[in-house]
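> pasting a predicted model and its sequence here:
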Amino acid sequence: MTSTHTPTFPDRLSVDPTSRHYDEAILSRSVGIRLNGVEYTNVEEYCISEGWIRTAIGKTLDRRGRPLTITRKGVVEAFYKD
């Protein structure tokens, strides 16, 4: 009998190193995010319990040099791609 280990992701994770939700250990692996069953590759931040992701809008930057984002709502799933 084999048991499969299901990885536990934090409820909220950000790719911005200045954010308190940044976790380099988790981001060192290839993390994938699905929203309503659709995989997104440009996610800047997510929250599983509140059901939202923030995705970058093209290459547009704000006045601080960070990507402009849009919030999308739905069922969020985080997974490792490897």
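Sure, I can see it.
> what are the C-alpha coordinates of the strand ranked longest in the chain, in PDB please?
Ranked by number of residues, the top strand in the chain under DSSP state E is strand 52-61. What follows is strand 52-61, C-alpha atoms only, in PDB (Å, rounded to 0.1, in the frame of the first residue of the first chain):
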ATOM      1  CA  TRP A  52      -8.700  35.300  -5.600                       C
ATOM      2  CA  ILE A  53      -5.500  35.700  -7.600                       C
ATOM      3  CA  ARG A  54      -3.700  38.800  -8.800                       C
ATOM      4  CA  THR A  55      -2.300  38.500 -12.300                       C
ATOM      5  CA  ALA A  56       0.000  40.900 -14.100                       C
ATOM      6  CA  ILE A  57      -1.400  43.000 -16.900                       C
ATOM      7  CA  GLY A  58       1.200  42.600 -19.700                       C
ATOM      8  CA  LYS A  59       4.400  44.300 -19.100                       C
ATOM      9  CA  THR A  60       2.900  47.500 -17.700                       C
ATOM     10  CA  LEU A  61       4.600  48.800 -14.500                       C
END
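> ok, and what's touching that strand?
33, 35, 40, 42-47, 67-74, 76 (C-beta atoms under 8 Å, 6 or more residues apart in numbering). Every residue, glycine included, has its C-beta placed from N, CA and C.
> any idea of the mean pLDDT in it?
The pLDDT scores in strand 52-61 average 92.
> what strands flank it, and is each parallel or antiparallel?
The pairing partners recorded for strand 52-61 under DSSP bridges are strand 43-47 (antiparallel), strand 67-73 (antiparallel).
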